[in-house]
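Novice: After the sequence you'll find the predicted model.
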Amino acid sequence: MTQHDALDEIDAAYAARTGVKVTASYAASSALAKQIEQGAPADVFISADTDWMDYAVARKTIDDASRVNLLGNTIVLIAPKDSRVENVTIAQGFDLAKLAGDGRIATGDVKSVPSGKYARAALEKLGAWQAAEAKFAMAESVRVALTLVARGEAALGIVYATDAKVEPGVKIVGTFPASSHPAIIYPVAATKTAKPEAFDYLAFLRSSAAKTVLEKYGFKFLLSPTT
C-alpha cells in the first residue's frame, strides 16, 4: 500500500537523521485504534480518516493536543488493466451497477474501513448506491480490494488514488468529485503513553523532507511544512 511505502521511506530518513529506529505496524485504522484502546504499545497513531482518530480521542488513548490533519487523498474507480471500461464520468445519476455488469465491485468494508465509508458516502450522494449495493465485495482493507481488482476477481473497485497509481494490475477509469464525499483526511497524533521521542517524530512528519516524500506518492500535504 502506498501509505506503507511512503511511511517506510520517511521512517528510514528519520532513522538516518536521528539514529532512532521507528517500528511501524500496519492495519486498518479501525483495528489500530482498537489495539491501542486494548493497551497495545504505540507512540503515534496515523489514521486514514478522522472518525477513528475521534474514536481514539473519545477513549482517552490519544494526546489530543498533538493531533494534526496531515494528509489528504481522493477516491477513484478502478478496473483491471485489460478491462474494456474506460473514462467513466462520475456524476449525479451515474449507473455503477450497470457498469459492473455481472461482475463484483470491490472496496473496503463500508461499515468500518475508511475507503469503503467514503465510497458509500459518495455513491449515496450521487444516487448510485441502492442499485449497486448487492454487487459489492467488502474487503477488510483497501489493499485487499485493490488485489481483487488486479486479479480480475472484481470487475471494478473503489480505492484511494494513491494506491491505484502504484498497482500495475489496475487502471483508474474515473475520479469521484470531492463534493460527493467527506474530505479524505489522515490525522496523526501521539498516544497518551508516547515516549518523548514521539513528539520529535511528529515534528519530522510535518517537515519539508517528509512533505517531499508524501507528495511523491500522491498524497496532498495539508500543513505548511516546517524546515
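Specialist: Done, it's in.
Novice: quick one: contacts for residue 98?
Specialist: residue 131 (C-beta atoms under 8 Å, 6 or more residues apart in numbering). Any C-beta I mention is one placed from the backbone N, CA and C, and that applies to glycine too.
Novice: and residue 55, helix, strand or coil?
Specialist: Assigned with DSSP: H, G, I helix; E, B strand; the rest coil, residue 55 falls in the helix class.
Novice: State the distance from the residue nearest to it when sequence neighbours are not counted to residue 57.
Specialist: Nearest residue to residue 55 in three dimensions, chain neighbours excluded: residue 33, at 5.2 Å (C-beta to C-beta, 6 or more residues apart in numbering). For residue 33, the distance to residue 57 (C-beta to C-beta, to the nearest Å) stands at 10 Å.
Novice: neighbour count winner among those two?
Specialist: residue 33 (23 against 18; other C-beta atoms under 10 Å).
Novice: what helix or strand does the more buried one sit in?
Specialist: Element membership for residue 33 (DSSP states H and E) is helix 29-37.
Novice: So what touches the following helix or strand past that helix?
Specialist: Counting by DSSP H and E, the next helix or strand C-terminal to helix 29-37 is strand 44-46. Residues outside strand 44-46 that contact it (C-beta under 8 Å, 6+ apart): 3, 7, 32-33, 36, 53, 56, 61-62, 70, 186-191, 194, 198, 201-202.
Novice: how does it look with 10 Å?
Specialist: Residues from elsewhere that reach strand 44-46, judged by C-beta atoms under 10 Å, 6 or more residues apart in numbering: 3, 7, 22, 24, 26, 29, 32-33, 35-36, 52-53, 56-57, 61-63, 66-67, 70-71, 186-191, 194-195, 197-199, 201-202, 205.
Novice: and the residue most central in space within the chain, what pLDDT?
Specialist: Taking C-alpha atoms, centre = their mean as the criterion, residue 48 is the residue nearest the geometric centre of the chain, at 4.7 Å. You'll see residue 48 listed with a pLDDT of 87.
Novice: Would you state the strands of the protein in chain order?
Specialist: Using DSSP state E, the strands of the chain run over residues 44-46, 68-72, 75-80, 105-108, 136-139, 156-160, 170-175, 185-190, 220-221.
Novice: Name every sheet partner of the last one and say whether each one runs parallel or antiparallel.
Specialist: Translated: strand 220-221. Strand pairing for strand 220-221, using DSSP bridges, gives strand 68-72 (antiparallel).
Novice: what angle do the strand it pairs with and strand 185-190 make?
Specialist: 140 degrees (axes from the mean of the first three to the mean of the last three C-alpha atoms, to 10 degrees).
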